[in-house]
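> Have a look at this prediction, sequence included:
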Amino acid sequence: MLIVLTHLPADGLKFEHQYEADELDLSQHEFDLPQPPLINGRFTNLGQEMRVKGSLRATLAAICDRCLETVTLPLAADFDLYYLPATAHSDKAGETELLERDLDVSYYQHDRIDVDELVLEQLELGLPARILCTEECKGLCQQCGTNLNVESCQCSAPTDPRWQALADLKS
Ligand SMILES: [Zn+2]
Ligand SMILES: [Zn+2]
């Protein structure tokens, strides 16, 4: 979804969009969207900069880092973003000021903002750094690949050298 900024009403533009299942290009992302995003918010023209404030809801599906099972992650995020025109002669002073105010700054081109990009960025930010099905996930056996959450295997656990040193002391 593209928002054309030249058509923006003076008092801003409220928007809401329920994405369809295949509407976003997820080829560059390591998650799926079993429940596509619902986004709503408002564009405000602040002269040089554009402000986009709103919220986003979706359910993501990603792969557990340890056992490779699919994990479902509900996401609800609020965002408050500022956009500057990405022109060659861009207003460095305006940019510095925004950065000094510690605001999230992005850039737009040709008087339009791609809301899909915004959504994908927010979804990416909403993903935890480490994706785990549960905190206690036992992962896969490094030798035979058995999912240790489901069953155990006959492989001997690799010995941690620190424990081995203790065992040596006791014997
Ligand atoms: Zn797991
Ligand atoms: Zn094993």
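That came through fine. Ligands and ions are numbered 1, 2, ... in the order given.
> Now do the contacts for the residue nearest to L148 when sequence neighbours are not counted.
Using Cβ to Cβ, 6 or more residues apart in numbering and skipping the chain neighbours, the partner closest in space to L148 is K138 (3.8 Å). Bear in mind the C-beta positions are built from the backbone N, C-alpha and C, glycine included. Neighbouring residues of K138 by Cβ atoms under 8 Å, 6 or more residues apart in numbering: R66, C67, L148, N149.
> These also near ligand 1: which ones?
R66, C67 (Cβ under 5 Å from the ion).
> any idea which of the contacts of K138 is the one closest to ligand 1?
C67 (3.2 Å; Cβ to the ion).
> Which of the three states applies to the closest one?
C67 falls in the coil class when you classify it by DSSP: H, G, I helix; E, B strand; the rest coil.
> wait, isn't it in contact with N147?
Yes - counting by Cβ atoms under 8 Å, C67 does reach N147; the two are 5.3 Å apart.
> before we move on, the earlier item: want to throw the contacts of K138 into TSV with pLDDT?
Shown next, in TSV, are these (pLDDT from 0 to 100):
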residue	pLDDT
R66	96
C67	96
L148	95
N149	95
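> which one of the contacts of K138 sits closest to P85?
R66 (44.2 Å; Cβ to Cβ).
> re earlier: surely the residue nearest to L148 is within a strand?
No - applying three-state DSSP, one finds K138 to be coil, outside a strand.
> Quick check, central residue of the protein?
Most central in the chain under Cα atoms, centre = their mean is E124, positioned 1.5 Å from the mean C-alpha point.
> interface residues of the chain facing ligand 1?
Residues of the chain lying near ligand 1 (Cβ under 5 Å from the ion): C64, R66, C67, C133, C137.
> mind listing what the fourth one touches?
The one in question is C133. Per Cβ under 8 Å, 6+ apart, neighbours of C133: C64, R66, C67, E69, V71, N149.
> Filter these down to the buried ones, ChimeraX style.
The buried residues among the contacts of C133 can be selected in ChimeraX (16 or more other Cβ atoms under 10 Å) with this line:
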select :64,66,67,71,149
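> Greatest separation within the contacts of C133: which pair is it?
Greatest spacing in these, by Cβ to Cβ: V71 and N149 (12.1 Å).
> hang on, Q122 packs against R57?
No - applying Cβ under 8 Å, one finds Q122 not in contact with R57, separated by 10.5 Å.
> quick one, which of these two is more surrounded?
Taking other Cβ atoms under 10 Å, Q122 and R57 do not tie; Q122 has more neighbours (20 against 15).
> Does that one belong to a helix, a strand or coil?
helix.
> does the residue lying closest to Q35 once chain neighbours are set aside belong to a helix or a strand, and which?
Once flanking residues are discounted, Q35 sits nearest to T59: 3.5 Å by Cβ to Cβ, 6+ apart. Element membership for T59 (DSSP states H and E) is strand 50-63.
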